[in-house]
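Novice: sequence first, then the predicted structure:
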Amino acid sequence: MLFSMNTENSNVVRARRDCRLCGSTDLVQVLSFGETPLANAYLSADELDKPEVFAPLVLNACNTCKLVQLRDVVDPKVLFSRYLYVSGTSPVFVAHFADYAKTVAQRFSLTGDSLVIDVGSNDGVLLSHFKKEGAKILGIDPAENIAAEATKNGISTIVAFFKPETAQQVLAEHGQAKVITANNVFAHTDDIIAFTEAVKILLAKDGAFIFEVQYLKDLIEQNLFDMVYHEHLLYYHVTPLVSFFKTCGLRVFDVEHVPTHGGSIRVYVGWDDGPHQTSNRVAQMAAQESDLNEVSTYQIFAKRIEAGGEKLRALIKNLRGEGKRVVGYGAPAKATTLCYAFGIDGSMLDYIIDDSPLKQGLYMPGTHIPIKPSSVLYEDKPDCCLILAWNFAESIAKNHQKFAENGGIFVSPVPEPHILP
């Protein structure tokens, strides 16, 4: 372990020995980060001396269907019931979801009678745009605090995990959905078969189940290893998804490569005998994924991660050796994995800045680095910002040009550590 810890994990962590998509037990370990704290388990000041949950962060690949997935499962009630990530705090995501809703509304000719259900709806930012497009909307999310806020803001949200029982309840009260969306949560679900059964209960015959997930090929090629954390149980590429949905009586009829989270795929799924024609993009993308089915790809990946850690530690050490003070910018979940993989702690970063008021005043899991608002960038005047929210590096640097003009340095940790121009 890189950091000292109190651990309390015996009742909330279990190892899974079978593939979540095909059920095969022919799994091979391809990557391990050891034990890390839960990435979104931020601490208040009075929780710093209390036990934290640490769990192994180990990736397995299925030799049968080729799905890459976490071995160990943390109780989802521990992960999601008190959730601090909200999409609406990021202008980049707000714009992304606005375009997303408009594109889908036009493609599937949504009307005032069309029901759109967003699973893992969070603060309702995507649904708010579907509402503007004139569709009926409904959110489903297990985070009580965020769901309550969304409902208060006019986005009707059911507090529940998405299971067949939940779907039956929704069906009885609202009817079938023309569109079901699930952004990133399709990678968060241990029982993906039950999730898909819930989709089938609610999906109209001409409907589309649309989900976005971080794309495994981008994760590997761009060295985005910090996207691996306990909420992200599944690391998808197109190949295993096509075969999985076929066994469920469904069909992947289109896939798009989108820029979110360093590179994601937006997957369109309908009934196997439904009206949607299958795009050539599905076969074309799958044909480019052969390297993801080889264990050697992940061995090379592990070596790149190790080399990146050495380079970043040396860069921070040199900056601090010159008397410069270094802080982080952005406290997303992936920052926890990065800190543990690279050995970054409070002796290297004085604090971390985050724009979300929900995180300000809290402390990072495990490392206990304090999280502060961006105003301290100009009040405290550190010399260097390590951008841990690297997917927003461009907008962070743009929003804080004054910091750079005053001599401040921005550093990005991926695809390899480098000082931004």
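Specialist: Perfect, I can see it now. The structure displayed is predicted, hence computed values, not measured ones.

Novice: for Glu256, which non-adjacent residue is spatially closest?
Specialist: Arg266 (4.4 Å; C-beta to C-beta, 6 or more residues apart in numbering). Any C-beta I mention is one placed from the backbone N, CA and C, and that applies to glycine too.

Novice: neighbours of the one you found, how many?
Specialist: Per other C-beta atoms under 10 Å, the neighbour tally for Arg266 reads 20.

Novice: and it, what helix or strand is that in?
Specialist: Using DSSP states H and E, Arg266 sits within strand 264-271.

Novice: on that earlier part again, give the contact list for the residue nearest to Glu256.
Specialist: By C-beta atoms under 8 Å, 6 or more residues apart in numbering, the residues touching Arg266 are Tyr100, Ile210, Phe211, Glu212, Val255, Glu256, Val258.

Novice: what comes up buried for the very next helix or strand once past the strand holding Arg266?
Specialist: With elements assigned by DSSP H and E, the helix or strand that comes after strand 264-271 is helix 280-287. Across helix 280-287, burial judged by 16 or more other C-beta atoms under 10 Å covers Arg281, Val282, Met285, Ala286.

Novice: reformat the residues you listed as JSON lines; add pLDDT.
Specialist: Shown next, in JSON lines, are the buried residues of helix 280-287 (pLDDT from 0 to 100):
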{"residue": "Arg281", "pLDDT": "98"}
{"residue": "Val282", "pLDDT": "98"}
{"residue": "Met285", "pLDDT": "97"}
{"residue": "Ala286", "pLDDT": "96"}
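
Novice: between those residues, which is nearest Tyr378?
Specialist: Met285 (44.6 Å; C-beta to C-beta).

Novice: just give the nearest non-adjacent residue to the closest one, would you?
Specialist: Val238 (4.8 Å).

Novice: pretty sure the one you found sits against Ala287.
Specialist: No - if you go by C-beta atoms under 8 Å, Val238 and Ala287 don't touch, sitting 9.2 Å apart.

Novice: give the other helices and strands that the host helix or strand of Thr166 contacts.
Specialist: According to DSSP H and E, Thr166 maps onto helix 164-174. Secondary-structure packing of helix 164-174 (3 or more C-beta pairs under 8 Å, 6 or more residues apart in numbering; DSSP states H and E): strand 115-119, strand 136-141, strand 157-159, helix 192-202.

Novice: contacts for the third one?
Specialist: In other words, strand 157-159. With C-beta under 8 Å, 6+ apart, strand 157-159 has contacts from 121, 124, 138-144, 147-148, 150-151, 166, 169-170.

Novice: one more: stretch 283-295?
Specialist: Everything outside stretch 283-295 that qualifies as a contact, by C-beta under 8 Å, 6+ apart, is 28, 30, 61, 66, 68, 216-217, 220, 237-239, 242, 255, 257, 265, 297.

Novice: check stretch 311-329 too.
Specialist: 335, 342-344, 348-354, 369, 374, 377, 382-389, 396, 409-411, 413, 416-417, 419.

Novice: apply the buried test to the contacts of Arg266 and list what passes.
Specialist: Using 16+ other C-beta under 10 Å, the buried ones in these are Tyr100, Ile210, Phe211, Glu212, Val255.

Novice: surely the third one touches Val267?
Specialist: Yes - with contacts counted by C-beta under 8 Å, Phe211 reaches Val267, the gap being 5.5 Å.

Novice: and Ile193, what does it touch?
Specialist: Taking C-beta under 8 Å, 6+ apart, one finds Arg20, Leu21, Cys248 in contact with Ile193.

Novice: distance of the second one from Asp272?
Specialist: The gap separating Leu21 from Asp272 is 17 Å, by C-beta to C-beta, to the nearest Å.

Novice: comparing these two, which residue is more hemmed in?
Specialist: Counted by other C-beta under 10 Å, Leu21 and Asp272 do not tie: Leu21 has more neighbours, with 24 against 12.

Novice: so what does that one have for phi and psi?
Specialist: Dihedral pair for Leu21: phi -90, psi -50, per degrees, to the nearest 10.

Novice: grab the nearest non-local neighbour of it.
Specialist: Phe244 (4.5 Å).

Novice: which residues does the one you found contact?
Specialist: Counted by C-beta under 8 Å, 6+ apart, Phe244 has contacts Leu21, Cys22, Cys65, Leu67, Ile192, Thr196.

Novice: how about 10 Å then?
Specialist: 19-22, 65, 67, 192-193, 196, 236, 250, 252, 269 (C-beta atoms under 10 Å, 6 or more residues apart in numbering).

Novice: may I ask which of these has the most neighbours?
Specialist: Val269 (28 neighbours).

Novice: roughly how far does Val170 sit from Phe162?
Specialist: 9 Å.

Novice: swap in Leu126?
Specialist: 15 Å.

Novice: these two: which is more packed in?
Specialist: Remark: of Leu126 and Phe162, Leu126 carries more neighbours, 29 against 26, as counted by other C-beta under 10 Å.

Novice: wait, the more buried one sits on Ala105?
Specialist: No - at 11.5 Å, Leu126 does not count as touching Ala105 under the criterion of C-beta atoms under 10 Å.

Novice: common neighbours of the two, please.
Specialist: Val116.

Novice: wait, which of the contacts of Phe244 is closest to Glu35?
Specialist: Nearest member of the contacts of Phe244 to Glu35, counting by C-beta to C-beta, is Arg20, at 21.5 Å.
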